[in-house]
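> sequence and predicted structure, then a few things I'm wondering about:
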Amino acid sequence: RSGKLPNTQRATWRANSGLGDGLANGVDLVGGYYDAGDNVKFGLPMAFTVTMLSWSVIEYGKQLAKSGELGYSMEAIQWGTDYLLKAHPEPNVLYGQVGDGISDHNCWQRPEDMTTPRQAYKIDTNNPGSDLAGETTAAMAAASIVFKDSNPTYSNDLLSHAKQLFEFADKYRGKYDSSITNVRKFYGSISGYNDELLWAATWLHKATGDQTYLNYLTENADSMGGTGWSMTKFSWDVKYAGVQVLASM
């Protein structure tokens with residue numbers, strides 16, 4: 001976790017970090033998750049992580065509750081969605097990365113020891129990123145289901161942002177690594193953005209029951225590559241298999 005850590009943090013050897021994230025861009029981007037052993041916050045895999053954590057709670061919430069892990073799981077999801085909400089300060093603006101992957105990988109240090117100012121990178125109408133916006137839509141829509149009963153206000157806020165992001169992703173199409181070129185060596189959009197648009201629409205339909213999103217899926221699945229061939233993987237980059245499973249449920 002990045003940011004100001006809560007008292008419930010179970011990794012007790014970790015401390016606050018990245019408290020100045022976003023300052024250079026005039027926006028609060030404190031929080032979220034670091035990618036791995038580095039200190040960069042990559043938006044696409046982070047959003048996918050939130051989507052999958054949410055799906056786990058939706059499908060296995062009772063089992064998680066029996067094991068005493070449901071509360072921790074929901075807290076982990078909200079740690080991600082709180083950041084994603086911050087990263088979406090305007091309907092057609094989404095911050096997709098904090099930190100430079102190249103320079104970060106040349107400096108091996110704990111996140112708590114970072115002192116170098118960190119650049120944040122965004123997508124907007126002039127620099128689109130349908131894959132990034134689509135996955136973030138899916139994350140927020142899935143999480144809205146998780147919090148629908150326990151925190152309806154928060155759930156509605158997530159759903160509102162998800163709808164805005166889907167409209168942005170669909171209207172202003174493009175691969176996010178053409179706008180945030182720094183990400184190409186780390187999480188480049190190899191599969192393109194069509195799978196994320198279908199994935200986002202499927203999650204919005206599941207969260208809202210709105211037929212419009214199901215119509216979007218059925219009308220675009222063939223042309224966007226979501227049918228007619230065997231899916232060999234499901235990952236932060238390729239979502240077609242997830243679309244098929246979720247749409248069949």
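Alright, I've got the coordinates. Computed from a prediction, not measured in an experiment: that's the story for all the values here.

> the chain: strands as residue ranges?
For the chain, applying DSSP state E gives strands covering 41-42, 94-98, 120-123.

> a markdown table for these, including distance to residue 33, mean pLDDT and mean neighbour count?
Glycine gets a C-beta too; all of them are placed from N, C-alpha and C. As requested, those are exported to a markdown table (distance: least, Cβ to Cβ, whole Å; pLDDT from 0 to 100; neighbours: other Cβ atoms under 10 Å):
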| stretch | distance to residue 33 | mean pLDDT | mean neighbour count |
| --- | --- | --- | --- |
| strand 41-42 | 7 | 98 | 26 |
| strand 94-98 | 11 | 98 | 27 |
| strand 120-123 | 15 | 98 | 23 |
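
> what would those look like in TSV with distance to residue 228?
Listed next are the strands of the chain as TSV, based on distance: least, Cβ to Cβ, whole Å:
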stretch	distance to residue 228
strand 41-42	31
strand 94-98	31
strand 120-123	30
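
> show me the one of those strands that comes nearest residue 204.
Judged by Cβ to Cβ, the one of those that comes nearest to residue 204 is strand 94-98, at 16.2 Å.

> report all helices and strands that the closest one contacts.
Under the contact criterion of 3 or more Cβ pairs under 8 Å, 6 or more residues apart in numbering; DSSP states H and E, strand 94-98 touches strand 41-42, helix 43-66, strand 120-123, helix 130-146.

> what is the first one packed up against?
What it means is strand 41-42. Using 3+ Cβ pairs under 8 Å, 6+ apart: strand 41-42 touches strand 94-98.
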